[in-house]
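1. Would you be able to build a 3D model of this:
(chains A, B and C)
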Amino acid sequence: MFIVFYHVPFTKTISMANIENQIFSSYQRNPDLYDEIYDKQGKVKEIYQKLFEIYGEHTISDYVNLNSKAKSSFFNQGITFQVYGDNDVQEKIFPFDLFPRIIDHKEWDIIERGSIQRSKALNLFLWDIYHDKKILKDKIVPLELITSSANYLDQMNGINPPGGIYNHISGIDIIKHNDGKYYVLEDNIRCPSGVSYVICNRTALKKALFGVFNHYQTHSVTNYAENLLDLLESVKPKGVDVPNVVVITPGMYNSAFYEHSYLAKTMGVELVEGRDLFVENDFVYMKTIKGPEKVDVIYRRIDDQFIDPLEFRPDSALGVPGLFAAYKKGNVTLANAPGTGVADDKAVYTYMPQIIKYYLDEEPILNNVHTYHCSRPDELKYVLEHIHELVIKPVDEAGGYGISIGNKLTKAEIEKVKVEIKENPRKYVAQPIMSLSVHPTYIDETESFEQRHVDLRTYTVMGKDKEFVLKGGLTRVALKRGNLIVNSSQGGGSKDTWVLKK
Amino acid sequence: MPNQYKITYSTENTYENWVNNAYWQFLIIPMENNTQHHIDVEFSNSLFAVNDFSINGYGFKTIRVHPKKKFKKINFEAQFSFIKDHIDPFNFPLDINDSLAYKEIKELTFKINFEAFLRSTVLTKLPNDLDSIFHFNLSNTIFENLQELNKWTFNNFQFKAGVTKVDSKLTDIISTKQGVCQDFTHLFCAIARQNGIPTRYVSGYLNQAHGLLGDSQMHAWAECYIPQIGWKGFDPTNNVLANTNHIKVCHGKDYNDCSPLRGIIYSHGKNKTTHTVKVHSQEQ
Amino acid sequence: MLARVANNLFWMGRYIERSEHVARYLNVNYFSSLDAPNIKSQDRQFVLRSMLFMLGDPEEDESKFLKEQDVLYSIGLDPNNPFSIISTVKLARENANSARDLISTELYEAINKFYHFVLNYPKEVFVKNGLHDFTSNIAEMTAILRGKIRGTLLHDSVYAIIMMGVNIERATQITRMINSKYNDALLSQGSHGDKFSKSFEWTTLLKCAESYDMMRRFYKKTPTSITTLEFLILNPNCPRSVMNSLNQVNEHVRMLNPEKRYNNDSTAFLIGRVRAEYEFKYVEEIEKDIKSFIEDILDSLVQISNKVDEEFFSY
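-> Numbers count the residues shown, from 1 in each chain, chains lettered A, B, ... in the order given. Below is the predicted model of the structure:
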């Protein structure tokens, strides 16, 4: 017989109706924002009620205590990224919030189907633009969009990747707008990162507050690695029986090194650097203590331009000379395939509804943020009349440069933007200003819960004739008040994300 | 009459300090096509490292070498022998519908199919000020215009080795009016593409026996796709059409796609590299 | 296993072991000097010089006055001194980092904690009154690491490589300690009627190797040069002895290369050969010429390490 010790408060079930909920007592709701746990009337939504009660039994100091324990556990496990200062290197953990986000099975079903739909459509799009280019010839997507992209690789023309898969791993960034609907903000199909944090967040939450899991039927997230390995093995090169899979990393100084080592470890495969591999006779080998060993599938976490200095950037020491030739010959699989970056360009994003329709003959399951192309006269007219409620983006600038947010502009600035757009309408697109939903997040400075904007990155893995979406995903939090940018490099944190079973 | 060719390519590389690790990729083997065949390749290096024959991202034959021990000096020597058929560059149909050709190059499908060779690259980017460069005369045929362009490049630019580098920009070449075959070819490609003609940079060898101009290393010329005719070679360095004396190795958007030798050398200090190419032909 | 990663694991083992020996040498020498029976051994300058000597960074200028706090900082926490404990621990962790997917989470976490402990140890506390706390924590944390290595890793090639690193380093460090204590015994003799063979330094040496109690139990006599050397070099049952370390290296190289075929170019052959030499040696042969012995054994250990490198880490 097992004796299970419970930390009593977590399992006690008391109706919270008239007990003061300390932890949320100072929580302030802005009625203009879509709050994930409170409805419009200020009532806690049903799926959050239990969680709200359980957390409510804690005092802020209990919570602070748990929070700091969770943090030190991240730190000791070395789940950190490095910040380079003037004189020294500091290790930081990604801020982690112990109050989880919950997604019920109905909403999840939409997200999951929508993620798969997008990944599949992008895969077909990539096949097409590296083969017959029908979508261009049918004038669905303009030719310039592809050829002006720095991520279009001429060398990929005519190559048939094993299993027909380009974007084996896709990370799709989704938000909930204040209309309560999900919208996709971005498709990441180069080397989307962050999945290890999904699993670490869950582990940390389980350690800190294991009792809460007794009340929710939550899908596990620890099966990511096994599914990833399974799908990577399914795209093995022709003629290989049991493929040898490896993960290639730029090295331990890369900010995502923890993730690379985590994935290699949990898949039980080697984590290699470029210098551990070599190519001979168009086959790839790794250098082991027992001599060379053939490698068949490479999950690469190195950007296209760095994978092979003889084919791409010659100044790169990260890659493997001759790797592309081995790939072209079909002797090794690269996941994701080189050249996928062309499909996650901002400009291609705006055509996603048409791309989905063209290849799958389906309506998009997940909404795209509507995009107005200033190159089209009627849309230009709308944009010029509605600048105050739009975000204006140059099509060819990356990294957030040149973006104007309409409701933050003065009258004079709006006029200036208008002139710029009129001068060169082809250069601009416009989108409605999206309002990301908010989630109660513990804030150190005020020692209380506050509303913070969140998004969600889902992870879709595609193999030969099968696909998998991790039931969870990474909820990222913009920790600065009012900030809409949830990037980790911009002071973002993350939350455990629960997908409930039926 | 077909020609029996023998080409020797040799390069010697010396380094001030030990080289602990190095990779080379040679893109120097004459390609097999409908005028070049029975290609026989011999390749050796002085360190007896493995010569790894492969195919690069654009589908051309390469040789990769990666010595497994450190060195200060390495020589490579290649010998190619093959048959080159006699080429009459003017052997193409004369009954071309010119307005149809001009129409075709404006069509989207045409632009998509030849997109890579219509694109402007770093090395084929024209300056904004286009006054001083050659302009097509649309009352002439595409072929005539390209011939004129060939002649214009030849007449206006002086062959001079050492004034430009492999990564020289067109703006510099246009202002100095000097350069070598790569520069003239880049300029030719840029202007032809500007006029909607798919044009590719060709790297190869030149048989200089008949007084053609080159610099005893690899030669460069251009190939244009003309509707109803197909790909045609133009050598602006010599103001001729590519013929039996032009032995093609590969083509691409510009020099960067075709550089005959790519190397990654892990060493420091000075190094010296010399190349020699000898082309020997014999009419059969 | 990747050759590069094997190399990292090997050095991870070496650096963990090295940090422990240096820490213990600091601790034992410093504290036993405080009430040493002769003036020379009590002399702070003498002790500080001995520490630098053992570290391989001796102060050549005999007239120079060494400041205690500077020397302690330099050996313990100076990140710019490549021989310091902090540098060694950093390297141990860096090597562990790049082999992170191969070692257990438990081992990695322990190394990481170890690293953060050393990195965050306040410098002022250390040089003033933290020496004991710092060094004994290092001894304890390395003991934990050894436990995690043995208890949480699969006893396969990963384990064998780490253990080879640990044991080659242990033999090296023990030999270095013998070297510097031999040097100290020479310097301190006669100052208080102390003879070389009965020097107080032999007791200190045994304590540095955490072998004093065992040695007393085995010989039941005050340590002399000959019994100390016999115990620390030749006795295979002393866990810190050179012999024991060589036996362990021998055992672990056979896990990597179980081949029985005659191959005089293999690491296993070389280790076997060195081991055989010390297995059947009289301590008197060593005592006659300690200097040559030290040079020989250090040279053999370097050769073994190079051979490991050549056979397993280079391709």
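
2. Which secondary structure element is home to the residue nearest to A:Glu293 when sequence neighbours are not counted?
-> Nearest residue to A:Glu293, sequence neighbours excluded (CB to CB, 6 or more residues apart in numbering or on different chains): A:Met286, at 5.4 Å. Using the backbone N, CA and C atoms, a C-beta is placed for each residue, glycine as well. Assessed by DSSP states H and E, A:Met286 sits inside strand A:283-288.

3. who does that strand touch, helix- and strand-wise?
-> Judged by 3 or more CB pairs under 8 Å, 6 or more residues apart in numbering or on different chains; DSSP states H and E, strand A:283-288 is in contact with strand A:277-280, strand A:291-295, helix A:323-328, helix C:3-34.

4. can we see that at 7 Å?
-> When contacts are defined as 3 or more CB pairs under 7 Å, 6 or more residues apart in numbering or on different chains; DSSP states H and E, strand A:283-288 sits against strand A:277-280, strand A:291-295, helix A:323-328.

5. Can you get me the centre-to-centre distance for it and its chain?
-> Strand A:283-288 has its average C-alpha position 31 Å from the chain's average C-alpha position, going by CA atoms, centre = their mean, to the nearest Å.

6. Run a quick neighbour tally on the residue of the stretch 51-200 of chain B found nearest chain A.
-> Here the residue of the stretch 51-200 of chain B nearest chain A is B:Gly57; by CB to the nearest CB that distance is 3.1 Å. Residues near B:Gly57, counting by other CB atoms under 10 Å in any protein chain shown, number 23.

7. Quick check: the gap between the closest residue to it other than its chain neighbours and A:Phe324.
-> Nearest non-adjacent residue to B:Gly57, counting by CB to CB, 6+ apart: A:Gln155, 3.1 Å away. Using CB to CB, to the nearest Å, one gets 7 Å for the distance from A:Gln155 to A:Phe324.

8. Tell me which of the two has more neighbours.
-> Neighbours per residue, other CB under 10 Å: of A:Gln155 and A:Phe324, the larger number sits with A:Phe324, 28 against 22.

9. my guess is the more buried one meets A:Asp308, correct?
-> Yes. Contact status for A:Phe324 versus A:Asp308: in contact at 4.3 Å, counting by CB atoms under 7 Å.

10. So in terms of bridging, what pairs with whatever residue of the stretch 101-250 of chain B ends up closest to chain C?
-> Closest to chain C within the stretch 101-250 of chain B is B:Cys250: 32.5 Å, counting by CB to the nearest CB. Assessed by DSSP bridges, B:Cys250 has beta-bridge partners B:Ser203.

11. And for B:Ile7?
-> Counting by DSSP bridges, B:Ile7 is bridged to B:Phe80, B:Val279.

12. Show me the helices in the stretch 101-250 of chain C, by range?
-> Ranges of helices in the stretch 101-250 of chain C, per DSSP state H, counting those that start in this stretch, are C:105-119, C:123-125, C:131-152, C:157-188, C:201-208, C:212-219, C:225-229, C:242-256.

13. most packed of these?
-> Greatest average neighbour count among those goes to helix C:201-208 (a mean of 26), per mean count of other CB atoms under 10 Å in any protein chain shown.

14. For chain A, give me the ranges with low pLDDT.
-> Where chain A drops to pLDDT under 70, the residues are A:1-21, A:84-87, A:396-401, A:482-491.

15. Helices of that one, start to end?
-> Secondary structure of chain A (DSSP state H): helices located at A:8-11, A:46-56, A:60-76, A:105-129, A:134-137, A:143-147, A:195-208, A:224-234, A:257-267, A:323-328, A:346-349, A:352-360, A:377-385, A:411-423.

16. Looking at the ones you listed, which one is packed in the most?
-> Most buried of these, by mean neighbour count (mean count of other CB under 10 Å): helix A:323-328, with a mean of 26.

17. what does it contact?
-> If you take CB atoms under 7 Å, 6 or more residues apart in numbering or on different chains as the criterion, helix A:323-328 is touched by A:155, A:159, A:279, A:282-284, A:307-308, A:311, A:332, A:334, B:54-57.

18. before we move on, back to that, mind checking the SS state of the residue of the stretch 51-200 of chain B closest to chain A?
-> Look at B:Gly57: counting by DSSP: H, G, I helix; E, B strand; the rest coil, its state is coil.
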